[in-house]
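Undergrad: Provided below are the primary sequence and the corresponding predicted coordinates.
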Amino acid sequence: MPAPTPPQPTPPTGPSGRDPHSHADRAASFDRDAAVYAQVRPTYPREALAWLLPAGARDVLDLAAGTGKLTERAVDLVDNGTHVVAVDPSAAMLAELAARLPGVATHRGTAEAIPLGDASVDAVLVGQAWHWFDGDAAAAEVARVLRPGGTLGVLWNDRDGDVDWVARFGAILHQGDRLEPDPGRPDGPELGAAFDGVEAGTFRWTDRIPAGALRTLAGTRSYLLTLPEAEREERLAEVDALVATHPDLAGRPDVDLPYVTYAYRARRR
Ligand SMILES: C[S@@+](CC[C@H](N)C(=O)[O-])C[C@H]1O[C@@H](n2cnc3c(N)ncnc32)[C@H](O)[C@@H]1O
């Protein structure tokens, strides 16, 4: 007779029972404190948006728009006649977006089931989110909603880990993280035959923030949002210690956080 299977240990979970090593739980973690996300997460460089958005785009979708960091940039850049629409699965994130950008239409939905009609937009933008999608399903849906000749623009802000304190900050954030870190961006999303080849662009910039905001920023990362409370607090205390002791941070009211923005664009055939 086979031996009975011993009971499996339950993995430690964070608030709302979310598992820090589950891709799905991490993807759904951001609405834990959408207002803080909206306050401290970085924007995107204008040059990157100008490079991604096709000239004369009339209808633009910000997919996985969250609290509207990228949406705001798109609204700034496009002509008055352009309509920007935001889609995200999180009602809390979209509520923040609607409060900041009341002129933008918002829809709850996912990249795998975009709640827009066929060939209805000239551009789809995705900021800091393609890695949360089922890539094949998202590519098919984006191809469906784009007009022929339209553009998909995907981008990520990565902290520039060549700077010592930034590397140390990143190491604290990802200690024990089995889903990240990503040591630099690969070639961009795989999109299949509906798109021309993916072009890549890199944009360097810095975000000046109060030194104390590093702790808050750390707290908006999906890993920390899903860690059990005691572990989350340990990481945040390590960030405080870094800010208090690193020679490039200690005693400074503001810090320049350097970013490399990796951008990818592809034309719908
Ligand atoms: C890191 S946030 C990025 C938000 C925003 N684009 C920005 O740049 O700040 C990731 C966003 O992806 C959304 N998300 C997660 N899974 C998704 C999916 N399958 N389809 C669409 N959005 C998704 C989350 O709700 C969250 O708002």
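TA: Received the coordinates, thanks. Numbers count the residues shown, from 1 in each chain.
Undergrad: all strands for the stretch 151-269 of the chain, in order.
TA: Listed in chain order, the strands of the stretch 151-269 of the chain (DSSP state E, counting those that start in this stretch) span 199-210, 254-267.
Undergrad: Next, format the ones you listed as CSV and append mean neighbour count, mean pLDDT and distance to A193.
TA: (C-beta placed from N, C-alpha, C; glycine too.) Compiled in CSV, those are given as follows (neighbours: other C-beta atoms under 10 Å; pLDDT from 0 to 100; distance: least, C-beta to C-beta, whole Å):
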stretch, mean neighbour count, mean pLDDT, distance to A193
strand 199-210, 14, 97, 17
strand 254-267, 19, 97, 11
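Undergrad: how about those strands in a markdown table, adding distance to the ligand?
TA: Putting the strands of the stretch 151-269 of the chain into a markdown table (distance: least, C-beta to the nearest ligand atom, whole Å) gives the following:
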| stretch | distance to the ligand |
| --- | --- |
| strand 199-210 | 13 |
| strand 254-267 | 11 |
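Undergrad: JSON lines for those strands, including distance to L97?
TA: Shown next, in JSON lines, are these (distance: least, C-beta to C-beta, whole Å):
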{"stretch": "strand 199-210", "distance to L97": "20"}
{"stretch": "strand 254-267", "distance to L97": "20"}
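Undergrad: For W130, find the nearest of the ones you listed.
TA: Of all the strands of the stretch 151-269 of the chain, strand 254-267 sits nearest to W130, with 8.6 Å by C-beta to C-beta.
Undergrad: list the helices and strands the closest one packs on?
TA: Using 3 or more C-beta pairs under 8 Å, 6 or more residues apart in numbering; DSSP states H and E as the contact test, the elements touching strand 254-267 are helix 46-52, strand 146-159, strand 199-210.
Undergrad: Need the ones you listed in a markdown table (columns: distance to D19).
TA: Putting the helices and strands packed on strand 254-267 into a markdown table (distance: least, C-beta to C-beta, whole Å) gives the following:
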| stretch | distance to D19 |
| --- | --- |
| helix 46-52 | 33 |
| strand 146-159 | 23 |
| strand 199-210 | 30 |
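Undergrad: Read off the pLDDT value for T13.
TA: The score at T13 is 71. That number is its pLDDT.
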